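**Q** how would this look folded up:
(one chain, ligands or ions: 1)
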Amino acid sequence: MTRIKCCGMTRVEDALLAAKLGADAIGLVFTARSKRRVTLAQARAIASALPPFVGIVALFMDDDAELVHEVIEAVQPDLLQFHGEEPDNWCAQFGRRFLKAIAMGEGRAALHKLRRYPSAAGLLLDGHGLGEAGGSGKAFDWSLMPTDLAQPLILAGGLTPTNVAEAIRVAHPWAVDVASGIESAPGIKDPQKLADFIHAVRQAG
Ligand SMILES: O=C(O)c1ccccc1N[C@@H]1O[C@H](COP(=O)(O)O)[C@@H](O)[C@H]1O
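**A** Now for the predicted structure:
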């Protein structure tokens, strides 16, 4: 079964709907580089409303360690996600499980970076280019998804209710991660797209 993370939640009602429809995790974005950035107060409200067994992932992109510490203290996320050029030892300094995102916009050239994160609990392959922020709706060539890595791989970038089944068929990821493909505006989730996305993933197996 392919796990599902719905990223860029800014409203309690959207996070609750994702949980009700069967999302395994929701993502909260804290980096100032995002249109989906949440305040600590928003994040706390979403985190405390979520039912049990739905994970909370806190996303950063080349941010100060101080911000990461503040979020850990205030929100108690289950996982951290680092989306920038943070090295493995920097990501590991918080003593928390983390996902490391790799910008696959560079194509095959980005693949060697996957070996640089032995401490990561999982590797997230996203469609954006080096230096660009994620959450852009850009897909990459799913056939580049490696099959020989020990860590679970999460597929992200430009996934939608329409293309996610094909993405799973080609890439066989442990999980899929979506932000813009289930939105009506940045940070505002569309209930129908959310339902269609989760249904499409569950049908794909
Ligand atoms: O969502 C954001 O605003 C964001 C900002 C900076 C770094 C990462 C971000 N989101 C991540 O990007 C993937 C792909 O997004 P999309 O589905 O292509 O819109 C998303 O799942 C988040 O993990």
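**Q** give me the contacts around the longest helix along the chain.
**A** The longest helix of the chain (DSSP state H) is helix 191-204. The contact list for helix 191-204 (Cβ atoms under 8 Å, 6 or more residues apart in numbering) reads 1-2, 4, 6, 14, 17-18, 21-23, 159-162, 164-165, 168-169, 176, 178, 181-184. For the C-beta atoms, the positions are set from N, CA and C on the backbone; glycine is no exception.
**Q** among the residues you listed, which ones are in strands?
**A** Within these, residues falling in strands by DSSP state E are 4, 6, 176, 178, 183-184.
**Q** neighbour count, distance to residue 114 and pLDDT for those - can I get that in a markdown table?
**A** Converted to a markdown table, the ones in strands among the contacts of helix 191-204 look like this (neighbours: other Cβ atoms under 10 Å; distance: Cβ to Cβ, whole Å; pLDDT from 0 to 100):
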| residue | neighbour count | distance to residue 114 | pLDDT |
| --- | --- | --- | --- |
| 4 | 22 | 22 | 98 |
| 6 | 28 | 24 | 98 |
| 176 | 24 | 17 | 98 |
| 178 | 30 | 21 | 98 |
| 183 | 20 | 28 | 97 |
| 184 | 11 | 33 | 97 |
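**Q** following the one helix or strand residue 44 maps to, which helix or strand shows up next?
**A** Assigned by DSSP states H and E, residue 44 belongs to helix 40-49. Following helix 40-49 in sequence order, the next helix or strand is strand 55-60 (DSSP H and E).
**Q** how about the residue nearest the centre of the chain, what does it touch?
**A** Central residue of the chain (Cα atoms, centre = their mean): residue 177, 4.8 Å from the mean position. Listed by Cβ under 8 Å, 6+ apart, the contact set of residue 177 reads 5, 7, 27, 124, 126, 154-156, 159.
**Q** could you list the residues of this structure in contact with the ligand?
**A** When proximity is defined by Cβ under 6 Å from any ligand atom, the chain lies next to the ligand at 7-8, 27, 29, 31, 33-36, 59, 61, 83, 126, 133-137, 156-159, 177-181.
**Q** residues in contact with the spatially closest residue to residue 184 that is not a sequence neighbour?
**A** Closest residue in space to residue 184, ignoring its immediate chain neighbours: residue 190 at 4.3 Å, by Cβ to Cβ, 6 or more residues apart in numbering. Contact analysis of residue 190 by Cβ under 8 Å, 6+ apart lists 182-184.
**Q** with residue 114 instead?
**A** For residue 114, the contacting residues are 102, 123, 125, 146, 149, by Cβ under 8 Å, 6+ apart.
**Q** switch to 10 Å and redo it
**A** Residues near residue 114 by Cβ atoms under 10 Å, 6 or more residues apart in numbering: 100, 102, 104, 120, 123, 125, 146, 148-149, 151, 153.
**Q** cool, and residue 146?
**A** Counting by Cβ under 10 Å, 6+ apart, residue 146 makes contact with 111, 114-115, 123, 125, 153, 171.
**Q** quick one, phi/psi of residue 124?
**A** Residue 124 adopts backbone torsions of phi -110, psi 120, taken as degrees, to the nearest 10.
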